[in-house]
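Undergrad: kindly generate the corresponding structure for this input.
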Amino acid sequence: MLGVIALLTDFGLDDQYVFQVKSVIRSITDEEIVDITHTVPPFDVRTGAFVLWQAAKYLPAGSTAVAVVDPGVGGGRRCVAIRTKRSLFVGPDNGLMWEAANSHVILEARSIESERLVARRGGTFDGRDVFAPAAAHLVEGYPFEEVGPPARGLVELSLPKPEFSTGGIRATVLHVDRFGNAILNLDGGEFAAWAGGRISFEVKASGSSLRLSLHGSYESIQGTGLVVGSSGLVEVSSPLRGAAGIGGEVLISA
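TA: Numbers count the residues shown, from 1 in each chain. Model prediction:
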């Protein structure tokens, strides 16, 4: 047995879509199915890419991730399977899987073209008709080299990197979680090295300027503060009420 089949979509939980995807998978394999999330904002590929990248850190070795945030469904974008050193990724070639798959070290990618793997093509629901059966058949041992031709030139959606200078850091909000924490593209270790022991910073974001302190936990924050969250990334956080209005570019200086 391989690891698990992990699902990430923007399908939500109000309709039948997630059930149908899982039913197709279950009709082919008994592999365990787990949910990463189905509440990525509709068509928001970058948010999906961030969440998948974070989740991929905890995918058991040998797992298969099916990721579907697909504004180009039924269009010209490719359906692809990506084999890495640790796992498989199956979904649209629109950048959604790039950071996550790259973090597992990509070995090869193939366009899903074998008719033995899919239920139908060119419809409005490739999550059910292409990605779900392809992933399930791969879990059951379908040869990866028979999936289809090599998929060269995968779409790369690289998450932005922070810019460091002696005067400050130019960071970007990658994601605001359901608790309102604004997660920056700023590694906690790199931030600590830049800060050099300082714990108080000027933070400019969304037209406002705040003097914020770095804290070791959410509980110790009074009002709004900075904290290194569970992702290992710096967050702007206002416990119990969220860092309302924080988005886009964030400038941090001493």
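Undergrad: C-alpha only now, for contacts and for neighbours.
TA: Fine.
Undergrad: mind listing the helices for the chain?
TA: Taking DSSP state H as the criterion, the chain contains helices spanning 17-26, 45-56, 98-103, 126, 132-139, 188-195.
Undergrad: nearest to residue 62, out of these?
TA: Among these, helix 132-139 comes nearest to residue 62, with 9.2 Å by Cα to Cα.
Undergrad: neighbouring contacts of stretch 203-223?
TA: With Cα atoms under 8 Å, 6 or more residues apart in numbering as the test, stretch 203-223 has contacts from 199-202, 224-228, 237-239, 245-253.
Undergrad: stretch 3-13 now?
TA: Applying Cα under 8 Å, 6+ apart, the contact partners of stretch 3-13 are 17-18, 31-43, 48, 52, 59-69.
Undergrad: same deal with stretch 26-34?
TA: By Cα under 8 Å, 6+ apart, the residues outside stretch 26-34 that reach it are 1-7, 22, 133, 136-137, 139-140.
Undergrad: then stretch 78-95?
TA: Outside of stretch 78-95, the residues that reach it under the criterion Cα under 8 Å, 6+ apart are 45, 49, 61-70, 77, 97, 101-102, 104-112, 127, 130-131, 134-135, 147, 151, 154-158.
Undergrad: could you rerun that using 6 Å?
TA: Taking contacts as Cα atoms under 6 Å, 6 or more residues apart in numbering, the residues outside stretch 78-95 that touch it are 61-68, 104-112, 131, 155-157.
Undergrad: check the contacts of stretch 3-13 for burial and list the buried ones.
TA: Judged by neighbour count, with 16 or more other Cα atoms under 10 Å as the criterion, the buried members of the contacts of stretch 3-13 are 17-18, 31, 33, 36-38, 40, 42-43, 48, 52, 59, 62-69.
Undergrad: quick one: buried residues of stretch 5-14?
TA: Of the residues in stretch 5-14, 5-11 count as buried by neighbour count, 16+ other Cα under 10 Å.
Undergrad: right, I mislabeled it, should have said stretch 111-131
TA: Applying a neighbour-count criterion of 16+ other Cα under 10 Å, the buried positions in stretch 111-131 are 111-113, 117-118, 125-131.
Undergrad: mind exporting that stretch as CSV, just the C-alpha atoms?
TA: The C-alpha trace of stretch 111-131 is given here as CSV (Å, rounded to 0.1, in the frame of the first residue of the first chain):
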residue,chain,number,x,y,z
SER,A,111,0.3,14.6,-19.7
ILE,A,112,-2.7,12.4,-18.8
GLU,A,113,-3.6,11.1,-22.2
SER,A,114,-4.1,7.3,-21.7
GLU,A,115,-7.8,6.6,-22.3
ARG,A,116,-7.6,3.8,-19.8
LEU,A,117,-7.2,6.4,-17.0
VAL,A,118,-10.1,8.8,-17.6
ALA,A,119,-13.9,8.6,-17.8
ARG,A,120,-14.4,11.5,-20.3
ARG,A,121,-12.6,14.5,-21.6
GLY,A,122,-13.5,18.1,-22.5
GLY,A,123,-16.3,18.5,-20.0
THR,A,124,-16.8,20.8,-17.1
PHE,A,125,-15.6,18.5,-14.3
ASP,A,126,-12.1,17.1,-14.9
GLY,A,127,-11.7,16.7,-11.1
ARG,A,128,-14.2,13.8,-11.3
ASP,A,129,-13.6,12.6,-14.9
VAL,A,130,-9.9,12.9,-15.3
PHE,A,131,-7.9,13.6,-12.1
